[in-house]
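Asker: whatever this is, show me its structure:
(chains A and B)
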Amino acid sequence: MRISTAQLYTQGVQAIDKSQVEVAKAQQQISSGHRLLSPADDPVASAQVQGLREQIAITAQYQQNITLATGRLSIEDSTLQAVGDVLQRARELAVQGNNAALSASDRSSIAQEVRQLGDQLQDLANAKDDSGGYLFAGAKIQTEPFVKDGAGGIIYQGDQGQRLLQAGPSRQVVVGDSGAEVFQQIRNGNGRFSVAAAAANTGSGTIAVGSFTDPTALQAHSYRIEFTAADTFDVIDETTATPVLSGQTYRDDQAIQFNGLATAISGTPASGDRFTIQPAATQDLFTTLKKLADTLAAPAATPASSAQLSQSLDNTLADLDQGINHLEEVRGQVGARLNALDSQDSANQAFSLHLQQTLSDVDGLDYAEAATRLNGGLVALQAAQQSFVRIQDLSLFNYLR
Amino acid sequence: MIDILRTGMSGLLAFQQALATTGHNITNVNTPNYSRQQVDLTATLPQNLGNSYLGTGVNLAGISRSYDAFLTQQVRNYGASASQMETLNGLISQVSSLVGDADTGLAPALQKFFAAAQSVADTPTSVPARQVMLSQGESLATSFQDLDHQLSGLRDTVNQGLQGAVTNINDLATAIAAVNRNIALAPSGAGAAPNDLLDQRDKLLADLSQLVPVQTVAQPNGTLNVLIGNGQSLVVGNRANFLEVGRSALDPQDLAIHLQGQSADLSAQLTGGQVGGYLEFRRTVLNPAQDSLGLLAIGLAATVNAQHRQGMDLDGNLGGTLFQAGAPRVLADANNTGTATLTAAINDAGQLRGSDYAVSYDGANYTVQRLSDQAVVASGASGSFTVDGLTIALNSGTPKAGDHFLVQPTRQGAADFAVTVTEPSKIAAATPIRTSASQSNLGSASISAGKVLNVTDPNLRQAVAIRFTDPTTFDLIDTATHTTLAAGQTYTSGNPIAVNGWEVRISGIPQTGDSFQVTANAGGVGDNSNALALAGLQSSQTLLNGTSNYHSLYTQLIAEVGAHGNRAESTLKAQQALLEQTTQARDAASGVNLDEEAADLLRFQQAYAAAAQVIRVADSLFQTILDAAKG
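Answerer: Numbering: from 1, shown residues only, chains lettered A, B, ... in the order given. I've put the predicted structure just below:
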């Protein structure tokens, strides 16, 4: 085999070139920290890397959403807690006011405080979130949700929209409740039905808020308890205009049961007195507080009117209890959402960590391996250079002197 | 004694030429394609002395070159392949780094746009968040345009490369023809070949092979005919035919190659050398990459727009288009004889593929061929087809048999991608309708958020009440006009109720007299449902018949380009190795080794000195005789 001199040079230079390419690649990998320098290095892994990077970025966005949602729900939670405090205070005042020993002026000053509580409640209901939108306006976050109408009541101007945020690939979390949901959609009475004594009653009888003994037997009907004599009463279904019970003998505080519900009348009713039982209607918290204040402010001079007062306060207390329960329910939901966000946050973090690990497996550089490769390349390069110099130095012409 | 003198003289002459040849070899040690020459020495015819033959010296029979025609041919062929792969690899690596770059590629821009959409969902009334979404949209558009622009730049590179290659090919063809002429003119006989001219021609052929693969046919007069492609002659004897570049008949953005004075496009037949590399790159990487990118742009614009139009902006107006993308392009072959023009329009971006389509007419029927897999996807006489979400239709004129059209549905998609919304408030983050339950409802039923089915329904935002006449029956009432839209509908919990282009679901147990309202979402600026849906598109499989989302489509593009690059790289390595091996084999036969020449130099120098000594001896013999004659 002959070797041409030009070939010797070409080979030497090619060997140096190749080593230099190796060294440059290892150097580039080490300085960038990436195993893959071009999609051509490993097309499948490159595609995977792109997918992983996208997933990591999306997960980071979910985490950002969670931070925001947590903030908003925390504000809602603390606002709801304040609302709960207002209702508790109102309940205390109602209990305090339901005392026959109180004078009209005492009750009037309690009524004043209840009115204050009503204003406070309105303020809380119009609370804003950290981005300046109304917390309880549904989707109409730039519209003040609760405003006074001319007649002394409060109307809701928001809507029933709920905002969702994406907290994970398949989890959307509700980040707020509308004012309608929180303050308005509350059943009065005991939640299923409410009771009332007719205003024209002359006796001192009051009807208890009552309970339902068999929810399945309960019908959404109105009933009337009518005293045909001081000690006899009938129960009439007003919806169907049919008698349910008739000629019952009245005993103080004895349970009256029919159609799955139970109540009792106490005091001394007079003949012709009427009591009504109606399916529970929705009554907003503002109305409940207003009723309480109005009741406390009303005079109660006669036994009949103090029975009215006592009846009203009983009913309002029941309404307040409904409100407090409802609020606890809403707060419970908010807490559940916060928990869900918390667990999604952990899940996202774990997923993100997993993604990062996979990414580092796929694209991360094994520095030890790369450094070894770089070293090997350098040795090869040096060898190629040295051998080239040695070989090209070797010529017969050197000896032709 | 005269004989001795003559013999010595023949030696002197022969070794002089041998030394000259060695010197020639030494000086050409670095001449590419030079074949080592050697003198062929033979003994001269002997003198018949009757009973014996007396040698009369040496004769230079010829100067031959060490040459292996087969190896030379192989080096040329591998050179053509290696140069093709080198060109291809160089161009692909440019595309790779364009699309694959983690920081500047399209993927981060896509991701950031959808992250911004999520931020709008987080705080729908925040103008800064909306502004960010618009500017991320702008930078997404810039990414599309930049990427497309750079790909178009590579198309220009290909065109310029082809132009340069053709100029070089023509120069080389001219030079080969000239060398052919000189070879034909050179008197040659047995052993007397014009070695250096032959080497020169081999060098020119090797250079030519770098540009385009060639076949050669040797002629009796020593000339060589050079053929390219499927046997088109580039050089015939001492005459060169020239190649020309011109606009491709089908796609004027591309250059085609043909022989001077002929219209036949040779592009498809030139599969090697630089030219082959350029053409293969354009066909297998550049066109698909630009088409895929366009598909992504068109798909993104269509799906995002469709969702955006279902929404309502901050001013309470229905959403408009958020993005625009380039329209399909239809090109008629410049050689068409008919007058027909076709149009193409996208009717479903979700079914679209990143392929071009060839439409041909045979006099009676059209045939539509999808170029990515060469499948015939439609045919018929009507001239109107719907394939892969694309509608192709005869626009005007009449076609003639043999007419061709090229449909590029997505080629322009990315180049013309732009954001059409400029006002942050125009981002439609809300749903145009809202639902609510009446306060007085006694039942436990609840109503879902509304979903827009048909945003163009004129009554979409008309207020509608759903009133339960009993717990299992409801009426739909237009509360503005107090007309009953539908009465006595049977209620099933959780079933959709659809009217006026929207759909809601009521679930739970309603009571008689309960009612629910669906109304225009006036003031519902805090509603983020459409922004959430927009952001959700990021991971929805909306493209390629529901098999791909935006990101995976782009990832596919990277993987495809990467696979081509990977193949080109490994083929290049293999071809280079083969080229090296055959070059070594050829050089082993033909190359100059300086040590060998140094030895030859010594050998011939000594032989020359010895021959001179023979002459001196002959001279002294003469002197001896002359002295003897003097007495």
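
Asker: what sits up against the helix or strand of chain A with the lowest mean pLDDT?
Answerer: Ranked by mean pLDDT, DSSP states H and E, the helix or strand of chain A with the weakest confidence is strand A:211-212, at a mean of 86. Contacts made with strand A:211-212 from outside it, assessed by CB atoms under 8 Å, 6 or more residues apart in numbering or on different chains, are listed as A:190, A:192-193, A:218, A:260-263. Any C-beta I mention is one placed from the backbone N, CA and C, and that applies to glycine too.

Asker: can you do 7 Å?
Answerer: Strand A:211-212 is contacted by residues A:190, A:192, A:218, A:260-262 when judged by CB atoms under 7 Å, 6 or more residues apart in numbering or on different chains.

Asker: need the worst-confidence member of those.
Answerer: Note: of those, the lowest pLDDT belongs to A:L218, at 82.

Asker: now that one: closest residue in space that isn't a chain neighbour?
Answerer: Excluding the flanking residues, the one nearest A:L218 by CB to CB, 6 or more residues apart in numbering or on different chains is A:G260, at 4.2 Å.

Asker: what of A:K140?
Answerer: Here the residue nearest A:K140, using CB to CB, 6+ apart, is B:G523, at 4.4 Å.

Asker: ok, the one you found to A:Q157 distance?
Answerer: 9 Å (CB to CB, to the nearest Å).

Asker: and for B:V376?
Answerer: Distance check for B:V376 against A:Q157: by CB to CB, it reads 64 Å.

Asker: and the chain, what are its domains?
Answerer: With no chain named, the answer covers chain A. A:1-30+A:383-401, A:58-187+A:318-349, A:193-281 (automatic domain parsing).

Asker: sorry, I should have been clearer: chain B.
Answerer: Chain B is divided into the following domains under automatic domain parsing: B:2-66+B:592-630, B:71-284+B:547-583, B:433-520.

Asker: listing request: residues of the stretch 151-300 of chain B with sub-threshold pLDDT.
Answerer: Applying pLDDT under 70 to the stretch 151-300 of chain B picks out residues B:188-191.

Asker: where does it get nearest to chain A, which residue?
Answerer: B:V285 (11.1 Å; CB to the nearest CB).

Asker: distance of that residue from B:L12?
Answerer: Shown here: B:V285 relative to B:L12, a distance of 65 Å by CB to CB.

Asker: then B:A618?
Answerer: B:A618 sits 12 Å away from B:L12 when distances are taken as CB to CB.

Asker: mind listing what's buried along stretch A:232-243?
Answerer: Of the residues in stretch A:232-243, those buried by neighbour count under the rule 16 or more other CB atoms under 10 Å in any protein chain shown are A:233, A:235-237.

Asker: so for that stretch, mean pLDDT?
Answerer: Stretch A:232-243 comes out with an average pLDDT of 91.

Asker: pull the number of nearby residues for the nearest residue to A:L313 once chain neighbours are set aside.
Answerer: The spatially closest residue to A:L313, leaving aside those adjacent along the chain, is A:N98, at 4.2 Å (CB to CB, 6+ apart). Other residues within reach of A:N98, judged by other CB atoms under 10 Å in any protein chain shown, total 18.

Asker: who touches both of B:G523 and A:Q157?
Answerer: Taking CB under 7 Å, 6+ apart as the contact criterion, the residues that touch both B:G523 and A:Q157 are A:140, A:143.

Asker: I'd like the mean pLDDT over the one helix or strand B:A611 maps to, please.
Answerer: Secondary structure assigned from DSSP states H and E places B:A611 in helix B:594-630. Confidence over helix B:594-630, taken as the mean pLDDT, stands at 92.

Asker: and that helix, what does it pack against?
Answerer: Where contact means 3 or more CB pairs under 7 Å, 6 or more residues apart in numbering or on different chains; DSSP states H and E, helix B:594-630 is packed against helix B:2-27.

Asker: ok, then the element right after the helix it packs on?
Answerer: Sequence order places strand B:37-43 as the next helix or strand after helix B:2-27, per DSSP H and E.

Asker: and that next one, what's buried?
Answerer: Of all the residues in strand B:37-43, those buried under the rule 16+ other CB under 10 Å are B:37-39, B:41.

Asker: can you tell me how far the residue in chain B that chain A sits nearest to is from B:A585?
Answerer: Using CB to the nearest CB, B:G591 is the residue of chain B that sits closest to chain A, at 2.0 Å. The gap separating B:G591 from B:A585 is 10 Å, by CB to CB.

Asker: higher neighbour count, those two?
Answerer: Higher neighbour count among B:G591 and B:A585: B:G591, with 24 against 16, using other CB under 10 Å.

Asker: contact partners for the closest residue in space to B:S396 that isn't next to it in sequence?
Answerer: Taking CB to CB, 6+ apart as the measure, B:S396 lies nearest to B:T341, with 5.4 Å between them; neighbours along the chain are not counted. Contacts were defined as CB under 7 Å, 6+ apart; by that measure B:T341 touches B:332, B:395-397.

Asker: try it again at 10 Å.
Answerer: By CB atoms under 10 Å, 6 or more residues apart in numbering or on different chains, B:T341 lies in contact with B:330, B:332, B:394-397, B:399, B:405.

Asker: what subset of the contacts of strand A:211-212 is buried?
Answerer: Among those, the ones that count as buried by 16+ other CB under 10 Å are A:190, A:192, A:261.

Asker: which SSE is the residue of the stretch 101-250 of chain A found nearest chain B in?
Answerer: Minimum separation of the stretch 101-250 of chain A from chain B (CB to the nearest CB) falls at A:I141, amounting to 3.2 Å. Counting by DSSP H and E, no helix or strand carries A:I141.

Asker: what is the neighbour count of it?
Answerer: By the other CB under 10 Å criterion, the neighbourhood of A:I141 contains 27 residues.

Asker: my understanding was that it contacts A:V175; is that so?
Answerer: No: between A:I141 and A:V175 no contact is recorded; they are 11.6 Å apart, counting by CB atoms under 10 Å.

Asker: shared neighbours, the two?
Answerer: Where contact means CB under 10 Å, 6+ apart, the residues bridging A:I141 and A:V175 through contact with each are A:129, A:163.

Asker: tell me the contacts of the residue lying closest to B:L295 once chain neighbours are set aside?
Answerer: The shortest distance from B:L295 to any non-neighbouring residue, by CB to CB, 6+ apart, is to B:G354 (3.9 Å). Residues counted as contacts of B:G354 (CB under 10 Å, 6+ apart) are B:287-296, B:298-299, B:372, B:388, B:409-411, B:413, B:543-544, B:553, B:556-557, B:560.
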